[in-house]
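Novice: how would this look folded up:
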Amino acid sequence: MLQIRSILDVADNTGAKRAAAIGVLGRNQTYAHVGDIIKAHIKEAAPDGTVKKGEVVVIAGADKGKRGRVIAVEPTTQRVIVEGVRMIKKHMRKSQQNPQGAIIEREGSIHASNVMKAEVFDARAVNRGAAPAPAAS
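Specialist: Numbers count the residues shown, from 1 in each chain. The predicted structure is shown next:
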């Protein structure tokens with residue numbers, strides 16, 4: 001039996017190391033038995049991701065197909081910030097630099113699994129016979 005909120009060691013290739021059980025799918029129970037499917041929350045993930053600084057192509061999400069340079073990598077949350085991708089508006093409060101306040105536009109983070117190195121993407125595009133992704137603007 002497995003109780004809800006139990007911490008589990010994950011043994012698969014997703015990069016997750018530890019997970020916490022949230023609930024049993026299909027039942028309103030606090031215990032899971034052998035063969036039950038559970039819902040889990042990832043508590044700890046492998047920090048050694050494959051994305052390093054350099055040029056990448058977004059392969060999933062709203063900005064799919066955009067190309068940009070990696071500005072920052074957050075290994076604990078497995079997220080990257082790519083130049084010109086997922087632009088968000090941040091409302092700044094009044095300060096000495098901005099006496100009226102301001103709305104600035106900056107890059108947001110995206111999950112590391114949604115980007116691929118540009119060299120690998122272009123090599124696959126050549127094999128598929130497709131055109132390489134254009135640069136982000």
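Novice: is the residue nearest to residue 115 when sequence neighbours are not counted in a bridge, and if so with what?
Specialist: Closest residue in space to residue 115, ignoring its immediate chain neighbours: residue 56 at 4.3 Å, by C-beta to C-beta, 6 or more residues apart in numbering. Heads up, the C-betas are built off the backbone N, CA and C, glycines and all. Residue 56 forms beta bridges with residue 68, residue 117, as assigned by DSSP bridges.
Novice: ditto for residue 38
Specialist: Beta-bridge partners for residue 38, by DSSP bridges, are residue 24.
Novice: Tell me the spacing between it and residue 94.
Specialist: 48 Å (C-beta to C-beta, to the nearest Å).
Novice: Kindly report the same for residue 121.
Specialist: Residue 121 is 43 Å from residue 94, where distance means C-beta to C-beta.
Novice: picking up where we left off before, compare neighbour counts for residue 38 and residue 94 and give me the winner.
Specialist: residue 38 (15 against 10; other C-beta atoms under 10 Å).
Novice: secondary structure element for residue 122?
Specialist: helix 118-128 (DSSP states H and E).
Novice: Can you verify my assumption that residue 7 contacts residue 19?
Specialist: Yes: if you go by C-beta atoms under 8 Å, residue 7 and residue 19 touch, sitting 7.5 Å apart.
Novice: Overlap in contacts, the two.
Specialist: Residues touching both residue 7 and residue 19 by C-beta atoms under 8 Å, 6 or more residues apart in numbering: residue 43.
Novice: ok, the residue nearest to residue 70 when sequence neighbours are not counted - contacts?
Specialist: Distances taken as C-beta to C-beta, 6+ apart put residue 53 closest to residue 70, at 4.8 Å, once the chain neighbours are dropped. By C-beta under 8 Å, 6+ apart, residue 53 lies in contact with 69, 70, 73.
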